[in-house]
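Colleague: Next input, structure requested:
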Amino acid sequence: MKVGILRCQQTEDLCPGSTDFKVAKEGTLAFQETGPVEVIGFVSCGGCPGKRAVARAKMLVDRGAEVIVFASCMSKGNPIGFPCPHFAQIREAVAKKVGPNVKIIDWTH
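Modeller: Next up, the predicted model:
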């Protein structure tokens, strides 16, 4: 299965995404149901309020992603404990744009 991961742009300075890649490769935590996956793209939301996330998620799907995964920095606030205040709105807009055939996962680890 091919996935595209969206992350918080503000977290880029604090986290290189290595745990996201590790759990995707191992098929653990958020990927326990899918098993190991191939990450075809790892992009940011574009910065607050995340308006670029919709176009970037669509780009990932156009390049083969079957699943859009929001990195835990967005939904859970890892590693600093501050989740994205726009997460629900971004998730809803992304789901609408990519359509019902693309699965959405709200976290990675």
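Colleague: hey, let's count contacts and neighbours off CA atoms from now on
Modeller: Noted.
Colleague: Give me the neighbour count for residue 7.
Modeller: 26 (other CA atoms under 10 Å).
Colleague: how about the closest residue in space to it that isn't next to it in sequence, what does it touch?
Modeller: Counting by CA to CA, 6 or more residues apart in numbering, residue 7 lies nearest to residue 44, which is 4.6 Å off, once chain neighbours are set aside. Listed by CA atoms under 8 Å, 6 or more residues apart in numbering, the contact set of residue 44 reads 6-9, 53.
Colleague: from those, which ones fall inside helices?
Modeller: residue 53 (DSSP state H).
Colleague: What does the residue nearest to residue 7 show for phi and psi?
Modeller: phi -90, psi 170 (degrees, to the nearest 10).
Colleague: Likewise for residue 40?
Modeller: According to degrees, to the nearest 10, residue 40 has phi -100, psi -10.
Colleague: can you give me the strands in this protein?
Modeller: Under the criterion DSSP state E, the chain contains strands at 2-7, 38-44, 67-70, 103-105.
Colleague: Show me which residues of the shortest one are buried.
Modeller: Neighbour-count burial for strand 103-105 flags 104-105 (criterion: 16 or more other CA atoms under 10 Å).
Colleague: Need the contact partners of that strand.
Modeller: Contact with strand 103-105 is made by 30, 66-70, 95, as judged by CA under 8 Å, 6+ apart.
Colleague: For the residues you listed, which entry has the maximal number of neighbours?
Modeller: So for the contacts of strand 103-105 (other CA under 10 Å), the most neighbours sit at residue 70, 28 neighbours.
Colleague: Please verify my assumption that it contacts residue 6.
Modeller: Yes: counting by CA atoms under 8 Å, residue 70 touches residue 6, with 4.9 Å between them.
Colleague: that older thread, will you turn the strands of the chain into TSV that also has mean pLDDT and distance to residue 88?
Modeller: Below are the strands of the chain laid out as TSV (pLDDT from 0 to 100; distance: least, CA to CA, whole Å):
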stretch	mean pLDDT	distance to residue 88
strand 2-7	98	14
strand 38-44	98	16
strand 67-70	98	11
strand 103-105	98	12
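Colleague: Point to the residue nearest the middle of the chain.
Modeller: Residue closest to the mean C-alpha point of the chain, counted by CA atoms, centre = their mean, is residue 70 at 2.4 Å.
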